[in-house]
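S.K.: no sequence on this one, just coordinates:
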């Protein structure tokens with residue numbers, strides 16, 4: 001028994017108490033099979049007779065005939081072919097699901113089930129826990145073990161939540177919540193127990209986020225206060241050494257703006273806008289104002305800027321780093337790939353050239369001589385702005401005076417990398433600006449990014465033509481191919497996205513290569529095709545992307561690696577195979593890779609899946625370009641783990657709580673902020689039990 005429990009991570013009584021049910025079967029309302037109503041979620045009990053797997057093009061249905069004394073019904077499970085071996089003839093089964101009519105046929109679509117021993121109805125009349133199991137450990141045995149522990153030990157658990165927090169949120173005491181969550185006396189009791197345990201997880205996440213934020217802001221900030229024109233003319237630059245071109249440019253401004261576009265304190269930013277070859281959107285101006293306001297504060301900025309692909313986040317970063325350089329500091333921007341870092345270096349070089357600011361690049365593939373030269377420029381301060389990949393945070397990279405650190409595509413970097421970048425500021429903590437093109441639903445903004453202030457660029461630059469999105473069945477693939485060929489004949493380029501069919505990178509690469517060869521030999525034999533997939537080395541991927549960027553490749557065949565990619569304004573077609581296999585937010589990201597130039601762009605969504613769910617999802621992408629709306633729907637359908645990868649964001653794994661529970665997320669956030677304001681880092685004696693629990697949850701509390 002101990003060995004089997006150990007495989008589930010259960011080694012102590014506490015482990016067993018917190019081995020929580022994944023769901024409950026409602027034995028209190030068992031209905032006879034012939035009495036089951038249509039289109040309602042109900043629970044029934046019967047004996048398994050016949051079982052078979054039926055396969056169609058992309059769906060496997062496990063079909064079983066279930067009978068009780070009143071009659072029988074056909075039960076159906078989707079895409080779980082392994083169940084055929086588990087659902088053995090003569091076994092008793094409890095099922096929760098929905099009875100539905102399809103034409104003349106009736107079936108019971110199973111949502112959850114449990115196999116039980118005949119005659120074992122000791123749980124009848126109550127809500128019964130269903131636990132995660134392991135081979136050789138029966139549900140009956142695990143229930144008996146947990147029931148024994150709950151009855152004798154749950155009341156001994158120390159409630160680490162301070163009483164004022166419990167009272168303010170109207171929460172059940174922890175000992176009772178644990179007991180009710182395992183063996184609830186009623187549906188209402190289970191609901192209250194769930195609220196308590198879910199609140200605890202969210203509350204502890206919020207405390208961890210507040211600690212993260214406080215840790216970043218413990219050191220003194222680099223004072224980045226943009227000089228006003230009058231102060232510049234008076235020579236009061238707070239000891240900053242401005243590049244000569246910048247010094248010549250700033251005094252040309254007239255006297256204080258007096259409530260103009262930027263306000264007096266943002267005159268230099270106004271000057272920056274005047275130097276750009278394009279007009280900023282109102283959203284960009286608003287976000288730049290928010291950033292510059294943060295830079296002038298005594299505490300280091302820690303702000304997230306979210307904006308769709310092509311919304312102009314780099315301009316915001318440029319304004320922040322310009323402000324830093326004008327005040328005698330340096331700016332740095334860290335990108336997830338070398339080709340994206342090179343793109344930033346070119347773009348920032350153009351934007352900052354009127355100010356005489358030198359932009360240096362630090363990337364892993366540099367020759368030794370180039371790297372030594374770049375390192376010297378960074379250390380001496382000759383390079384005002386430094387662009388790089390992970391190479392920025394390696395040992396041997398020393399900044400003269402880092403004032404603003406920018407992280408592009410935040411979810412590609414962990415918290416540890418962010419911390420290493422912070423340490424490059426030396427005695428002064430740099431201001432942190434992180435950027436992402438992934439639309440962030442509010443509940444995730446409060447949890448995954450709970451340690452950051454949020455700014456949203458919710459406008460696209462003027463003059464962009466809306467992308468025409470077309471959802472088509474796979475049978476109309478030739479229509480999409482014809483458009484690709486037509487656009488390439490006009491001198492433009494296209495992407496074709498293959499789905500991540502295989503979990504294995506090796507198998508995924510094999511599938512991508514096979515599709516590339518088919519397209520190259522059978523569909524587009526006279527065009528230049530390139531291929532990128534997750535199995536390639538970074539240098540190989542970057543080399544192919546450079547060739548595509550430079551117009552040496554007409555059609556790029558790719559997996560999801562182009563979700564975050566290089567800017568290719570000449571690309572006008574995005575063709576996505578098996579679009580139903582991708583999340584809505586991901587499809588929106590793919591679509592954003594085209595439409596960057598002046599020509600009309602198109603996005604084809606090809607799908608063989610005719611299910612109602614697939615139709616609704618793809619219709620949503622076809623009908624709107626609102627990234628936030630799609631992200632909210634994606635989060636609802638797939639959950640935060642699939643949506644964004646909470647592990648990458650440094651969040652502990654949740655057992656009970658859902659990050660989509662907006663009211664409870666907000667309640668936990670308010671409670672955490674109230675407690676933190678009264679007792680930062682939970683040093684008070686009455687908060688020590690909570691502090692210990694936070695340490696267990698986070699794997700080490702981020703104390704001062």
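M.R.: Here it is on my side, so go on. All figures in this text were calculated on a predicted structure; none of them were measured in a lab. Numbering: from 1, shown residues only.
S.K.: can we go C-alpha only for contacts and neighbour counts from here?
M.R.: Noted.
S.K.: Tell me the secondary structure at residue 204.
M.R.: Secondary structure, DSSP: H, G, I helix; E, B strand; the rest coil: residue 204 is helix.
S.K.: for the one 5 residues further on, same thing?
M.R.: Counting by three-state DSSP, the backbone at residue 209 sits in helix.
S.K.: That one: neighbour count?
M.R.: By other C-alpha atoms under 10 Å, the residues close to residue 209 number 23.
S.K.: Make sure it is actually in contact with residue 450.
M.R.: Yes: the criterion here is C-alpha atoms under 8 Å, and residue 209 meets it with residue 450 at 5.6 Å.
S.K.: Residue 655: what secondary structure?
M.R.: Applying three-state DSSP: residue 655 is coil.
S.K.: How about the one 3 residues further on?
M.R.: Under three-state DSSP, the three-state class of residue 658 is coil.
S.K.: Contacts only, for it.
M.R.: Listed by C-alpha atoms under 8 Å, 6 or more residues apart in numbering, the contact partners of residue 658 are residue 198.
S.K.: Phi and psi next, for it.
M.R.: Torsion angles at residue 658 (phi, psi; degrees, to the nearest 10) stand at phi -120, psi 130.
S.K.: Can you give me the pLDDT of it?
M.R.: The score at residue 658 is 87. That number is its pLDDT.
S.K.: same deal with residue 240?
M.R.: Per the predicted model, pLDDT is 41 at residue 240.
S.K.: separation between residue 297 and residue 456?
M.R.: From residue 297 across to residue 456, the span is 20 Å (C-alpha to C-alpha, to the nearest Å).
S.K.: How about residue 374?
M.R.: Taking C-alpha to C-alpha as the measure, residue 374 falls 33 Å from residue 456.
S.K.: and if you look at residue 280?
M.R.: 14 Å.
S.K.: Name the residue in those two with the higher neighbour count.
M.R.: Set residue 280 next to residue 456 and count neighbours by other C-alpha under 10 Å: residue 456 wins out with 20 against 17.
S.K.: tell me, how many neighbours does the nearest residue to the more buried one once chain neighbours are set aside end up with?
M.R.: Counting by C-alpha to C-alpha, 6 or more residues apart in numbering, residue 306 is the residue found nearest to residue 456 once chain neighbours are left out, at 4.9 Å. When neighbours are defined as other C-alpha under 10 Å, residue 306 has 23 of them.
S.K.: What residues are bridge-paired with residue 306?
M.R.: residue 436, residue 456 (DSSP bridges).
S.K.: per-residue confidence for it?
M.R.: Predicted confidence (pLDDT) at residue 306: the value is 92.
S.K.: ok, now which ones touch it?
M.R.: Residues in contact with residue 306 (C-alpha under 8 Å, 6+ apart) are 313, 435, 436, 437, 438, 439, 440, 454, 455, 456, 457.
S.K.: how much space is there between it and residue 387?
M.R.: Remark: distance between residue 306 and residue 387 (C-alpha to C-alpha) = 20 Å.
S.K.: How many residues are close by the closest residue to residue 60 other than its chain neighbours?
M.R.: Excluding its sequence neighbours, the residue lying closest to residue 60 (C-alpha to C-alpha, 6+ apart) is residue 79, at 4.7 Å. Neighbours of residue 79 under the rule other C-alpha under 10 Å: 15.
S.K.: Confirm for me that residue 79 is in contact with residue 61.
M.R.: Yes: assessed by C-alpha under 8 Å, residue 79 is found in contact with residue 61 at 6.0 Å.
S.K.: picking that back up, could you dump the contacts of residue 306 into JSON lines with pLDDT added?
M.R.: What follows is those, written out as JSON lines (pLDDT from 0 to 100):
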{"residue": "313", "pLDDT": "93"}
{"residue": "435", "pLDDT": "92"}
{"residue": "436", "pLDDT": "88"}
{"residue": "437", "pLDDT": "85"}
{"residue": "438", "pLDDT": "82"}
{"residue": "439", "pLDDT": "82"}
{"residue": "440", "pLDDT": "82"}
{"residue": "454", "pLDDT": "92"}
{"residue": "455", "pLDDT": "94"}
{"residue": "456", "pLDDT": "92"}
{"residue": "457", "pLDDT": "94"}
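S.K.: Out of those residues, the closest to residue 66 would be?
M.R.: The shortest approach to residue 66 among the contacts of residue 306 belongs to residue 440, at 44.6 Å (C-alpha to C-alpha).
S.K.: That closest one: what secondary structure?
M.R.: Quick answer, by three-state DSSP: residue 440 is coil.
S.K.: tell me the domain ranges of the protein?
M.R.: What automatic domain parsing lists as the domains of the chain is 23-130, 229-457, 468-624.
S.K.: who wins for proximity to residue 690 among those domains?
M.R.: domain 229-457 (18.9 Å).
S.K.: Would you pull up how far the closest one lies from the middle of the chain?
M.R.: With C-alpha atoms, centre = their mean, to the nearest Å as the basis, domain 229-457 stands 23 Å off its chain's centre.
S.K.: Could you list the low-pLDDT ranges of the stretch 1-150 of the chain?
M.R.: Applying pLDDT under 70 to the stretch 1-150 of the chain flags the ranges 57, 117-125.
S.K.: mind listing the strands in it by residue range?
M.R.: Remark: strands assigned in the stretch 1-150 of the chain by DSSP state E, counting those that start in this stretch are 23-26, 41-55, 60-68, 71-78, 92-102, 105-116, 127-130.
S.K.: will you turn these into JSON lines that also has mean neighbour count?
M.R.: Converted to JSON lines, the strands of the stretch 1-150 of the chain look like this (neighbours: other C-alpha atoms under 10 Å):
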{"stretch": "strand 23-26", "mean neighbour count": "20"}
{"stretch": "strand 41-55", "mean neighbour count": "19"}
{"stretch": "strand 60-68", "mean neighbour count": "20"}
{"stretch": "strand 71-78", "mean neighbour count": "18"}
{"stretch": "strand 92-102", "mean neighbour count": "18"}
{"stretch": "strand 105-116", "mean neighbour count": "17"}
{"stretch": "strand 127-130", "mean neighbour count": "20"}
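S.K.: quick one: which of these is nearest residue 665?
M.R.: The closest of those to residue 665 is strand 23-26. By C-alpha to C-alpha, the value is 21.4 Å.
S.K.: Could you list the paired strands of that closest one along with their orientation?
M.R.: Strands that pair with strand 23-26, judged by DSSP bridges, come out as strand 127-130 (antiparallel).
S.K.: Enumerate every residue touching residue 20.
M.R.: When contacts are counted by C-alpha under 8 Å, 6+ apart, residue 20 is found next to 131, 181, 182, 655.
S.K.: so the first one sits right up against residue 22, yeah?
M.R.: Yes: when contacts are counted by C-alpha under 8 Å, residue 131 is listed as touching residue 22 (5.7 Å).
S.K.: which of these two has more neighbours?
M.R.: Ranked by neighbour count (other C-alpha under 10 Å), residue 131 and residue 22 place residue 131 first, with 18 against 12.
S.K.: Without its sequence neighbours, what residue ends up closest to the more buried one?
M.R.: Setting aside the residues directly before and after it, residue 131 is nearest to residue 21 in space (C-alpha to C-alpha, 6+ apart), at 4.5 Å.
S.K.: re earlier: biggest separation within the contacts of residue 20, which pair?
M.R.: Farthest-apart pair in these is 182 and 655; separation 13.5 Å (C-alpha to C-alpha).
S.K.: ok, these two, which is more surrounded?
M.R.: Remark: of residue 182 and residue 655, residue 182 carries more neighbours, 27 against 14, as counted by other C-alpha under 10 Å.
S.K.: how much space between the more buried one and residue 149?
M.R.: With C-alpha to C-alpha as the criterion, residue 182 and residue 149 are 11 Å apart.
S.K.: residue contacts, the residue nearest to residue 276 when sequence neighbours are not counted?
M.R.: Nearest in space to residue 276, with sequence neighbours left out and distances taken as C-alpha to C-alpha, 6+ apart, is residue 351 at 6.6 Å. Applying C-alpha under 8 Å, 6+ apart to residue 351 gives the contacts 275, 276, 318.
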